[in-house]
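Undergrad: Just the structure for this:
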Amino acid sequence: MHGILRSINQTVKGLATKIPRLATTEELLAQHPRVLFRRTSTQEPHQLLRDFGVPNPSWSQEMMDQFKKFTKMSEDGSWQRMPSYNNSVDSMPVLSKLGFNPRKHPDACLFVRNVAAEGRGFEFAMFYNGSERRMAVLLQTGSYLEGMIGFVHGGAVAAILDHTFASCGICALGIVVTANLSVNYKSPIPLGSVVLVETKVEKVEEKKIFLSGCVQSTNAQILHAEATGESTCGIQLDPPIGSPSWENSLGRGLLLSSLLWKEESDTREQSPLISSALDFPLFRFSS
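TA: Residues are numbered from 1 along each chain as shown. Reported below is the predicted structural model:
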């Protein structure tokens, strides 16, 4: 009996030496960012549901101070911090998804969350004011967003504005897609700086939502960009249930978000591109 126990003990010890040790957070942060990105970006986007809109070691003191400020403002219920995941479906508020069952594409990752290394891409937290239909995003710009030397790429600025516009519209009125986004750049954003991205619903006309927004320094002294946007609401994602060809229907549908939907008119002919989009079986425009 003792011999059997010794044999089992030796076997367990042998197995233990073959199990790789998980690196600590300090060890990961000490590695070159490219190595960290290569290692962490291979994980499945939806393997673990993680809220990226909370502090991590890469956040600067200014970012932390602004986060605490908005968290304090949320105590009376006027503002609400919105969880931020790395996919569109989980990032949508529950009420916005009522009535349909959007599918996650197994390989998809939200564009503004596609840099796995903390602090290298878009580091942001989102807060929404329901009574004002207003979204505020605290953004810390990472080194992987560079355009002109030392400054954030204009496309990255447009991307976070588009994400903020869409998030504001979704929280206010349900599922929306961007129809038009116009950005006027005023002042470049230095890499690593913390800025405030704000958007607000200005008016709603039938299925069209008109929004305005800006990117400015946290003390409101520097205006980096102004933007206006138009989104289309009243849209339902309705792929044929059980159809293998539509398993990635959500991802395909978002490719149409840049199309400006136009209502049929007897006096105005629609372009072939818009007409084909209206006939696309993914979207059903509710009347």
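Undergrad: Do you know the pLDDT at residue 28?
TA: With respect to pLDDT, residue 28 has a value of 42.
Undergrad: Check residue 140 too.
TA: Residue 140 is given a pLDDT of 98.
Undergrad: Could you look up the SS state of it?
TA: Put simply, residue 140 is strand when judged by DSSP: H, G, I helix; E, B strand; the rest coil.
Undergrad: Quick check: it vs residue 62, distance?
TA: 8 Å (CB to CB, to the nearest Å). Just so you know, the C-beta spots here come from the backbone N, C-alpha and C atoms, and that holds for glycine as well.
Undergrad: Check residue 126 too.
TA: The separation that residue 126 has from residue 62, given CB to CB, amounts to 17 Å.
Undergrad: out of the two, which sits in the busier spot?
TA: The residue with the greater number of neighbours, taking residue 126 and residue 62 and applying other CB atoms under 10 Å, is residue 126; the counts read 23 against 16.
Undergrad: In a strand, that one, correct?
TA: Yes: following the definition three-state DSSP, residue 126 is counted among the residues of a strand.
Undergrad: shouldn't it be in contact with residue 134?
TA: No: under the criterion of CB atoms under 8 Å, residue 126 is not in contact with residue 134, lying 11.4 Å apart.
Undergrad: between residue 140 and residue 62, what contacts are shared?
TA: Contact criterion CB atoms under 8 Å, 6 or more residues apart in numbering; residues shared by residue 140 and residue 62: residue 194.
Undergrad: what sits against the closest residue to residue 189 other than its chain neighbours?
TA: Computed as CB to CB, 6 or more residues apart in numbering, the closest residue to residue 189 that is not its neighbour in sequence is residue 152, at 4.2 Å. With contacts taken as CB under 8 Å, 6+ apart, residue 152 has the following neighbours: 141, 145, 146, 188, 189, 190, 191.
Undergrad: what's the neighbour count on the third one?
TA: Number of residues near residue 146 (other CB under 10 Å) recorded here: 14.
Undergrad: I figured it hits residue 189, correct?
TA: No: taking contacts as CB under 8 Å, residue 146 lies outside contact range of residue 189: 10.6 Å.
Undergrad: packing partners for the helix or strand encompassing residue 172?
TA: In this assignment (DSSP states H and E), residue 172 forms part of helix 154-173. With contacts defined as 3 or more CB pairs under 8 Å, 6 or more residues apart in numbering; DSSP states H and E, the packing partners of helix 154-173 are strand 122-129, strand 134-141, strand 177-185, strand 194-205, strand 208-217, strand 223-232.
Undergrad: Dump those strands into a markdown table; add distance to residue 109 as well.
TA: Formatted as a markdown table, the helices and strands packed on helix 154-173 follow (distance: least, CB to CB, whole Å):
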| stretch | distance to residue 109 |
| --- | --- |
| strand 122-129 | 12 |
| strand 134-141 | 18 |
| strand 177-185 | 19 |
| strand 194-205 | 20 |
| strand 208-217 | 23 |
| strand 223-232 | 22 |
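Undergrad: Comparing those, which comes out most buried?
TA: Between the helices and strands packed on helix 154-173, strand 134-141 has the highest mean count of neighbours, a mean of 24, where neighbours are mean count of other CB atoms under 10 Å.
Undergrad: Quick one: residues in contact with that one.
TA: Applying CB under 8 Å, 6+ apart, the set of residues contacting strand 134-141 from outside is 58-60, 63, 66-67, 70, 79, 119, 122-129, 152, 156, 160, 163-164, 167-168, 171, 189-201, 215, 218.
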